[in-house]
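> how does the following fold in three dimensions:
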Amino acid sequence: MFGRRNSDLELKSAHMRHPGAIHVRWYMVLLLTVIAIAAIAGIASTLAMGQPQVAFVIGLVSVAFFSRIGC
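Numbers count the residues shown, from 1 in each chain. I've put the predicted structure just below:
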């Protein structure tokens with residue numbers, strides 16, 4: 001009915017996130033940073049050894065990984 005309020009349809013407050021859940025994001029940032037540093041080190045070391053094709057493949061895979069994570 002239009003004039004009556006149904007107590008079952010009252011708006012409920014949103015469930016708050018557990019305070020410990022924010023630490024998961026910091027671990028994810030730390031893990032992605034370590035992966036990025038390892039990819040850059042792999043590219044630099046293979047270029048230093050004179051293998052640009054392998055460095056290109058490592059760079060291509062790392063760009064594909066981070067584009068998948070970002071999108």
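> where do the helices sit along this structure?
Ranges of helices within the chain are 22-48, 52-70, based on DSSP state H.
> the last one - contacts with which helices or strands?
When contacts are defined as 3 or more CB pairs under 8 Å, 6 or more residues apart in numbering; DSSP states H and E, helix 52-70 packs onto helix 22-48. For glycine as for every other residue, the C-beta is placed from the backbone atoms N, C-alpha and C.
> what's the average pLDDT for the helix it packs on?
Averaging pLDDT along helix 22-48 yields 90.
> on that earlier part again, redo the helices of the chain as a markdown table? Include mean neighbour count.
Formatted as a markdown table, these follow (neighbours: other CB atoms under 10 Å):
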| stretch | mean neighbour count |
| --- | --- |
| helix 22-48 | 12 |
| helix 52-70 | 13 |
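> model confidence for Phe2, exactly?
Among the per-residue scores, Phe2 holds a pLDDT of 61.
> repeat for Gln51
Confidence score, pLDDT, at Gln51: 96.
> burial count for it?
For Gln51, the neighbour count with other CB atoms under 10 Å is 13.
> separation between it and Ala44?
12 Å (CB to CB, to the nearest Å).
> ditto for Val29
On the measure of CB to CB, Val29 and Ala44 end up 23 Å apart.
> next: Val63.
The value you get for Val63 to Ala44, if CB to CB is used, is 15 Å.
> cool, and Arg68?
23 Å.
> swap in Pro52?
Distance, Pro52 to Ala44, using CB to CB: 12 Å.
> repeat that for Gly59.
Gly59 is 10 Å from Ala44, by CB to CB.
> equivalent analysis for Phe65, please.
To Ala44, Phe65 is 17 Å away according to CB to CB.
> again with Ala38
On the measure of CB to CB, Ala38 and Ala44 end up 11 Å apart.
> please apply the same query to Ser67.
Per CB to CB, Ser67 is found 21 Å from Ala44.
> got it, and Leu32?
Distance from Leu32 to Ala44, by CB to CB: 19 Å.
> what do you get for Phe56?
Phe56 is 13 Å from Ala44, by CB to CB.
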